[in-house]
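Asker: would you be able to build a 3D model of this:
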Amino acid sequence: MDFGYDDDGIEDGMIQLVIGATYDDVNHFRVVLQQYVIQEAFDILKIKNEKTRVTAVCKAPGCTWRVHASAVDEDKGVKHSTTFMIKSYNPKHASYKVQPFYMKLYRARMLALEMNQGSPKDSYSYLLAYGRMVLAKMPGSLFKIQYQEMRDLSGNPIFKRVFVSFKACVSGFVKGCKPLIGVDGCHLKGRYRGILLSAVSYDGNNEIFPVTYVVVEVECKDSCLFFLECLYEALGMITDDMALTFMLDKQKMPSLEYSLIHTKDDVSDIYTRTSSQQVNQDSCLGSTSG
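Answerer: Model (predicted):
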């Protein structure tokens, strides 16, 4: 580390401040002090910052770190020497604690994630490639994506919804799970928001078994109907005599309940009826194919 001076107070590759250390002039001392602060990662406040004296303290509340340097007379009779010397120094950081701003740390974290994983905006462009891979690697799976309506067809399509159903999950549900489908949703907290709806069941060990999932813009009748129509298509191996029971949160998901009741108007092969049974304030809807 070279600051353009003969002696920078470096010992074992580290800058050291000690009482009696001398510097060529005030600028030399200021440079060394600045580099020492960077090295030790703390902030200072210069109480005095003059040509003949510099006094600095740690900026942290209650901290006792302090350094004072001033010009000295090297030879007797010389009243205006430019040589600077540290006259007093307290190296202890009592009660010192770094408290960076939360948003600064958050932005740094987001920048690091974007550098390592890519931006959320760019990830949407990989959806079609992901869908083709799912269908190629797992034949019989279902992948459907919808875009928002656009007046100008020359621009890039804008994502609206995506439904994903893996063949292995559907086969496992039909062959090894109870005829029960629980549907629930949660809000996505990322930059572009949305709702994640998932359909799950119970396997033979009474463990939760994933069936399908969908990402929609909001929970409304249109998006819920899209989910149910895709779910019906994914469960194509369901026989006519197999009855299913749907369980959902009646208070949180009224749109999905409405879609279940009125699905028969849009998909003629599904017949639904509302069950009066309540389970933990959930609405259970039984359905049979017919």
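
Asker: what are the buried residues along the helix or strand hosting Met85?
Answerer: Per DSSP states H and E: Met85 is located in strand 84-90. Buried residues in strand 84-90, counting neighbours by 16 or more other Cβ atoms under 10 Å, are found at 84-86. (Glycine included, C-beta is placed from N, CA and C.)

Asker: pLDDT (mean, whole number) over that strand?
Answerer: What strand 84-90 shows for mean pLDDT is 93.

Asker: what about that strand, distance to the chain center?
Answerer: Mean-position distance between strand 84-90 and its chain equals 47 Å (Cα atoms, centre = their mean, to the nearest Å).

Asker: how about the helix or strand that it is followed by: buried residues?
Answerer: Once the chain leaves strand 84-90, the next helix or strand it forms, by DSSP H and E, is helix 102-117. Neighbour counts over helix 102-117 (16+ other Cβ under 10 Å) mark no residue as buried.

Asker: beyond helix 102-117, next helix or strand please.
Answerer: helix 120-123.

Asker: other residues contacting the very next helix or strand once past that following helix?
Answerer: The element immediately downstream of helix 120-123 (helix or strand, assigned by DSSP H and E) is helix 127-137. If you take Cβ atoms under 8 Å, 6 or more residues apart in numbering as the criterion, helix 127-137 is touched by 141, 143, 145, 159, 162, 164, 166.

Asker: give the buried residues for helix 127-137.
Answerer: Buried, per 16+ other Cβ under 10 Å, within helix 127-137: 131, 134.

Asker: picking up where we left off before, of the buried residues of strand 84-90, which is the nearest to Ile44?
Answerer: Ile86 (14.2 Å; Cβ to Cβ).

Asker: check contacts around that closest one.
Answerer: When the contact criterion is Cβ under 8 Å, 6+ apart, the partners of Ile86 are 17-21, 29, 67-69.

Asker: for it, give its distance to Leu17.
Answerer: According to Cβ to Cβ, to the nearest Å, Ile86 and Leu17 sit 6 Å apart.
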